[in-house]
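S.K.: just the structure for this:
(one chain, ligands or ions: 3)
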Amino acid sequence: MVEPARPVVLALNVGSSSLRAALRVPELRVRAHAAELSRAAGELALDGPGGGRERIALPDGWDSALPALAGALASRAPQPDVVVHRIVLGSDLLVGPRPADGALLARLRAESHRAPLHLPRQLDVVDRARRCWPGARIVLCPDSGFHRQLPDEAEVLPLPPDARASGLRRWGFHGLAVQSVVDRLPDLGPAVVVHLGSGCSVTAVADGRPRHTTMAISPAGGVPSLTRSGDLDPEVVLQLLEATGGDVDAVRRTLNQRSGVAGLSGGRTDVRELLRAADASADLALRVFVRDVAMAVAAAVTALDRWDAVVFTGGIGAGSAVVRDLVCARLLSLRQGAAGHPGPPAAQLAASGVRVVVEHVDEEAVMDRLARAVLRGDAAGPDGAAPVARPR
Ligand SMILES: Nc1ncnc2c1ncn2[C@@H]1O[C@H](COP(=O)(O)OP(=O)(O)O)[C@@H](O)[C@H]1O
Ligand SMILES: CC(=O)OP(=O)(O)O
Ligand SMILES: [Mg+2]
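M.R.: Residues are numbered from 1 along each chain as shown. Ligands and ions are numbered 1, 2, ... in the order given. A predicted model of the protein is given here:
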């Protein structure tokens with residue numbers, strides 16, 4: 001019998017290009033990360049709290065990731081009592097973390113084409129994890145939960161009531177990442193979180209709550225991502241549909257897999273490669289990306305009463321000082337007296353009084369906390385789901 005206060009929880013965070021996992025008892029026992037899994041082969045890196053990294057080859061990329069993780073955990077940690085999964089879908093089906101059941105999983109499966117880079121694989125991992133750990137309870141954790149506290153003016157889309165009735169509203173994504181930022185930086189004042197990974201978004205936060213976020217009903221919206229278009233004039237989508245004879249799946253593939261940075265750079269998605277390359281399409285792709293991100297930051301500032309900080313997260317945001325400088329350079333005009341200070345643009349912005357923070361988010365820690373709260377029955381909502389974000 002599991003002791004309810006101390007279940008062993010495995011958090012599985014399937015991103016569009018990566019798998020992250022953490023097993024807590026509740027202390028952290030094992031952390032795992034496999035990056036850039038869209039490639040055929042990859043590597044799973046495992047870390048224990050005492051240091052010491054183990055690397056396991058993933059010859060079949062995604063297909064070998066979960067078996068490799070299960071094998072490695074078996075020799076390092078107790079069996080999980082609970083497996084909590086990040087779920088990317090803007091839908092009333094999952095507004096807060098909740099235990100999974102067959103009916104919910106079937107309904108999510110029926111919607112999975114709406115987040116094609118995320119949900120099919122996340123649900124596949126739910127199935128595989130169930131086979132690896134048949135005795136574990138399953139909790140599903142929406143990536144949008146944090147954004148349920150958006151103000152109404154940010155959440156509503158300017159559409160007529162009949163169109164909005166079907167659930168079209170700003171759901172927002174990367175909510176677990178932004179929750180991690182506000183959890184880890186309790187002194188953060190009004191700030192803009194710039195999450196740049198495979199998927200990219202910009203979120204204004206104040207008092208631990210969202211004020212605005214760029215993605216709306218899908219992770220293809222907002223600022224351009226590595227292979228996703230971001231927001232477009234609606235007529236663009238309609239003309240793409242006309243050109244394909246109404247082939248919605250084909251247009252969805254174009255907007256999710258062949259657009260954004262990849263669309264302008266001839267299919268390249270590694271910004272380090274683009275920064276090294278001297279060709280015109282790499283240069284244009286980077287300039288468009290940086291411009292759109294910086295413009296989204298500037299717009300997000302208008303949702304705040306005061307602008308204290310900009311927080312860079314995600315593989316690119318936390319990993320690339322060059323990209324941070326390119327974004328910050330475009331923000332200097334917002335701050336009187338910022339330009340002219342010595343140092344690179346991020347330092348100049350900081351000198352003007354805007355903290356420039358680099359944060360490695362821990363979405364798995366947030367998922368762990370939320371799963372434990374759900375199983376304790378804390379703060380259950382009307383449908384039995386606990387709200388993701390705690391009011392501060
Ligand atoms: N140091 C770095 N400089 C630039 N880009 C990086 C760096 N490290 C990782 N990336 C990029 O970050 C992206 C992955 O972001 P991440 O947030 O880890 O993944 P996901 O979006 O799947 O959650 C990849 O496109 C990778 O090329
Ligand atoms: C929501 C989203 O875009 O996630 P990721 O960055 O993992 O692709
Ligand atoms: Mg991610």
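
S.K.: what residue ranges in the chain score low on pLDDT?
M.R.: 1-5, 338-340, 379-392 (pLDDT under 70).

S.K.: quick one: end-to-end length of stretch 329-349, please.
M.R.: End-to-end span of stretch 329-349 (Cα to Cα, to the nearest Å): 8 Å.

S.K.: got the CA coordinates for stretch 188-203 in CSV?
M.R.: C-alpha atoms of stretch 188-203 as CSV (Å, rounded to 0.1, in the frame of the first residue of the first chain):
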residue,chain,number,x,y,z
LEU,A,188,10.6,38.7,-9.5
GLY,A,189,8.7,41.9,-10.1
PRO,A,190,6.5,42.6,-13.1
ALA,A,191,8.4,40.7,-15.9
VAL,A,192,8.3,39.4,-19.4
VAL,A,193,9.3,35.7,-19.7
VAL,A,194,10.8,34.9,-23.1
HIS,A,195,10.7,31.2,-23.6
LEU,A,196,12.7,30.2,-26.7
GLY,A,197,13.0,26.5,-27.3
SER,A,198,11.7,24.5,-30.2
GLY,A,199,8.5,26.3,-29.4
CYS,A,200,8.7,30.0,-28.6
SER,A,201,6.4,32.2,-26.6
VAL,A,202,6.5,35.5,-24.6
THR,A,203,4.5,35.9,-21.4
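
S.K.: excluding chain neighbours, what is closest to the residue of the stretch 51-200 of the chain found nearest ligand 1?
M.R.: Nearest residue of the stretch 51-200 of the chain to ligand 1, counting by Cβ to the nearest ligand atom: Gly197, 2.4 Å away. C-beta coordinates here come from the backbone N, C-alpha and C atoms, glycine included. Spatial nearest neighbour of Gly197, chain neighbours left out: Gly314 (3.4 Å); criterion: Cβ to Cβ, 6 or more residues apart in numbering.

S.K.: ok so, going back, I'd guessed the residue of the stretch 51-200 of the chain closest to ligand 1 sits against Gly319; true?
M.R.: No - Gly197 lies out of contact with Gly319 (Cβ atoms under 8 Å); the separation is 9.4 Å.

S.K.: out of these two, which sits in the busier spot?
M.R.: Gly197 (23 against 17; other Cβ atoms under 10 Å).

S.K.: which residues touch that one?
M.R.: 15, 17-18, 313-317 (Cβ atoms under 8 Å, 6 or more residues apart in numbering).

S.K.: residues of whichever strand or helix holds Glu273 that come out buried?
M.R.: Glu273 belongs to helix 271-276 when assigned by DSSP states H and E. By neighbour count on 16 or more other Cβ atoms under 10 Å, the buried set for helix 271-276 is 271, 274.

S.K.: next, count neighbours for Ser75.
M.R.: 7.

S.K.: check Glu242 too.
M.R.: Glu242 sits with 10 neighbouring residues when counted by other Cβ under 10 Å.

S.K.: check the gap between it and Arg372 for me.
M.R.: 50 Å (Cβ to Cβ, to the nearest Å).

S.K.: likewise Thr213?
M.R.: 26 Å.

S.K.: who has more neighbours, these two?
M.R.: Thr213 (31 against 21).

S.K.: my guess is the more buried one meets Val205, correct?
M.R.: No - applying Cβ under 8 Å, one finds Thr213 not in contact with Val205, separated by 9.1 Å.

S.K.: who touches both of the two?
M.R.: Val178.

S.K.: assign a three-state SS to the residue in the stretch 251-392 of the chain positioned nearest to ligand 1, would you?
M.R.: Residue nearest to ligand 1 within the stretch 251-392 of the chain (Cβ to the nearest ligand atom): Gly315, separated by 2.2 Å. Assigned with DSSP: H, G, I helix; E, B strand; the rest coil, Gly315 falls in the helix class.

S.K.: wait, Asp249 touches Leu240, no?
M.R.: No - Asp249 lies out of contact with Leu240 (Cβ under 8 Å); the separation is 12.0 Å.

S.K.: what residues does the stretch 51-200 of the chain have near ligand 1?
M.R.: Residues of the stretch 51-200 of the chain that fall close to ligand 1, judged by Cβ under 6 Å from any ligand atom: 197-199.

S.K.: what is the burial count for Ala100?
M.R.: By other Cβ under 10 Å, neighbour count at Ala100 equals 20.

S.K.: contacts only, for it.
M.R.: 85, 126, 138-140.

S.K.: now with 10 Å, please.
M.R.: Contact analysis of Ala100 by Cβ atoms under 10 Å, 6 or more residues apart in numbering lists 83-85, 87, 94, 108, 123, 126, 130, 137-140.

S.K.: re earlier: and the helix holding Glu273, anywhere near ligand 1?
M.R.: Yes - using Cβ under 6 Å from any ligand atom, helix 271-276 reaches ligand 1 at 271-272.

S.K.: packing partners of that helix?
M.R.: Helix 271-276 sits against helix 260-265, helix 280-301, helix 314-319, helix 321-331, with contacts defined as 3 or more Cβ pairs under 10 Å, 6 or more residues apart in numbering; DSSP states H and E.

S.K.: and of these, who's closest to Ala35?
M.R.: helix 314-319 (7.3 Å; Cβ to Cβ).

S.K.: other residues contacting the closest one?
M.R.: Residues contacting helix 314-319 (Cβ under 10 Å, 6+ apart): 15, 17-18, 35-36, 174, 177, 193-201, 226, 261, 270-272, 289, 293, 310-312, 320, 322-324, 327, 357-361.
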